[in-house]
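Undergrad: pasting the sequence and the predicted coordinates here, then a few questions.
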Amino acid sequence: KKFVSVPPPEDPFTMTEAKPVNPHVAQTCTAGPIGLGAFGMTTILLNFLNADLIGKESITLIICYGMFHGGMIQVLAGMWEVCS
């Protein structure tokens, strides 16, 4: 494992330990835009329904989309963000 070298601090109360570098996380992008995109798209679809721009018969499609894309994708993006 590779460790980040940290010079010894002069103050013993500010001492930090070296953390191992995760090579998989270092090569990925940030997950913030994915979570925000999922939230924004779900909000836009619900607002289209409220403004009667799409029919009321498509409410089940919007609920399923909101649960999958608006819910599950945001949870996965949050877990991805915690790892990075």
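TA: Cool, the structure landed.
Undergrad: going by C-alpha atoms from here, please, whenever you check contacts or count neighbours.
TA: Noted.
Undergrad: which other helices and strands does the helix or strand residue 37 falls within contact?
TA: Using DSSP states H and E, residue 37 sits within helix 32-50. Applying 3 or more Cα pairs under 8 Å, 6 or more residues apart in numbering; DSSP states H and E, we find helix 32-50 packed against helix 59-65, helix 73-83.
Undergrad: save the ones you listed as JSON lines, and put in mean neighbour count and distance to residue 35 too.
TA: Output for those, formatted as JSON lines (neighbours: other Cα atoms under 10 Å; distance: least, Cα to Cα, whole Å):
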{"stretch": "helix 59-65", "mean neighbour count": "14", "distance to residue 35": "14"}
{"stretch": "helix 73-83", "mean neighbour count": "15", "distance to residue 35": "5"}
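Undergrad: how about those in CSV, adding mean pLDDT and distance to residue 40?
TA: Output for those, formatted as CSV (pLDDT from 0 to 100; distance: least, Cα to Cα, whole Å):
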stretch, mean pLDDT, distance to residue 40
helix 59-65, 87, 12
helix 73-83, 82, 11
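Undergrad: to residue 29, which of the ones you listed lies closest?
TA: Minimum separation from residue 29 across the helices and strands packed on helix 32-50 (Cα to Cα) falls at helix 73-83, 9.4 Å.
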